[in-house]
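Enquirer: make a model of this:
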Amino acid sequence: MKNLSIDGLRTLVTVVEVGGFAKAGELLGLSQPAVSLQIRRLEDLLGCKLFKKQGQRQVLNQYGELLLPQAKQMLQYNDAILQQFTSESVTGRVRLGIPSEFAARILPAIIGDFVSLYPDVALEVKSRLSKHLLSVSRQDQFDLVLALNEELESVTHPIFMRDQLVWVGDLTLAKKDVITLVTAPEGCIYRRRAIEALQQSGRPFRIVYSNADLTGLIAALNEGLGITVLAKNTVPSELSYQEYTHDLPMLGEIGISLIKNTQESAHAVNKLAEFIALRLS
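Expert: The predicted structure is shown next:
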């Protein structure tokens, strides 16, 4: 009976998350040849290649895409077992910056589990627009940033996962002559993508309500003031959504980046980054 290497699976996941073999090596404390060797051994064990060349980059092929979610699940089980039976000490403070829709919809359960596993880590979570989170001038305010990123092939801020943008709310409102939108303020990626899509399709629209907080937008949607755009995985369960309709155009995908900005409390930052990446993907 053959056994999969946890180190090999972790290397695979890290290469994908950070966007390259060299960067994965830096994070894992391995040389680039050592990273390549780990991947090659995993491919030899499975009997298939996991990567293909796309321009100057190595990206997952169909077999790699099939393996990735299973690899993440195995790593999650592995880390949970080790945490349960070992006394690894993780301490420090982590300042996490995230978009409001992730703070409201996805992060609470993830952060709750993390705090239960690592009670000596102090977390400070702040919500901002992704534009502000990725701003160079604000990077010293956060140790770890989770942000939307429209540059799907970004080298500066590699994408670790993608999500589909969807129209959210009472979509029968799109049958009106003028579509009404409820959005976050100027600078929001969702707002801009909604406007661009409607302009390109020739649909008249107007913004009737703006609020940076997802709770405020949900209230406006529930009142039937208009519709909005969100990443599919952040849509609250009580709201309906569609990728497109006869009256609404496709919006495309959005990337999600996870960026480390500091070496302070590096162990705690790395643990939280890995925890979020494994749970979100």
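Enquirer: buried residues in the longest strand seen in the chain?
Expert: The strand spanning the most residues in the chain, taking DSSP state E as the definition, is strand 159-168. By neighbour count on 16 or more other CB atoms under 10 Å, the buried set for strand 159-168 is 159-161, 163, 165-168. Quick note: C-beta positions are derived from backbone N, CA and C, even for glycine.
Enquirer: can you show me the strands along the stretch 151-281 of the chain?
Expert: Taking DSSP state E, counting those that start in this stretch to define them, one finds strands in the stretch 151-281 of the chain at 159-168, 179-183, 205-210, 228-231, 241-242, 253-260.
Enquirer: list the contacts for the residue nearest to T183 when sequence neighbours are not counted?
Expert: Closest residue to T183 apart from its sequence neighbours, by CB to CB, 6 or more residues apart in numbering: R191 at 4.1 Å. Residues touching R191, when contacts are defined by CB atoms under 8 Å, 6 or more residues apart in numbering, comprise 181, 183-185, 207, 229.
Enquirer: and the furthest pair within those residues?
Expert: P185 and V229 (14.0 Å; CB to CB).
Enquirer: neighbour-wise, which of the two wins?
Expert: Neighbour comparison, P185 and V229: the larger count goes to V229, with 26 against 11 (by other CB atoms under 10 Å).
Enquirer: okay, and the beta partners of the more buried one?
Expert: Listed by DSSP bridges, the beta-bridge partners for V229 are W167.
Enquirer: that one against L171, yeah?
Expert: No - under the criterion of CB atoms under 8 Å, V229 lies out of contact with L171, with a separation of 11.6 Å.
Enquirer: quick check: H157 touching L148?
Expert: No - applying CB under 8 Å as the test, H157 and L148 come out as separate, 10.3 Å apart.
Enquirer: what touches both of those two?
Expert: For the pair H157 and L148, residues contacting each of them under the criterion CB under 8 Å, 6+ apart are S257.
Enquirer: more crowded one of the two?
Expert: A direct count of neighbours by other CB under 10 Å for H157 and L148 places L148 higher, at 24 against 18.
Enquirer: for that one, which residues are in contact?
Expert: Residues 99, 130, 189, 231, 254-257 are the ones in contact with L148 under the rule CB under 8 Å, 6+ apart.
Enquirer: so which of those wins on neighbours?
Expert: In terms of neighbours by other CB under 10 Å, the contacts of L148 top out with P99 at 30 neighbours.
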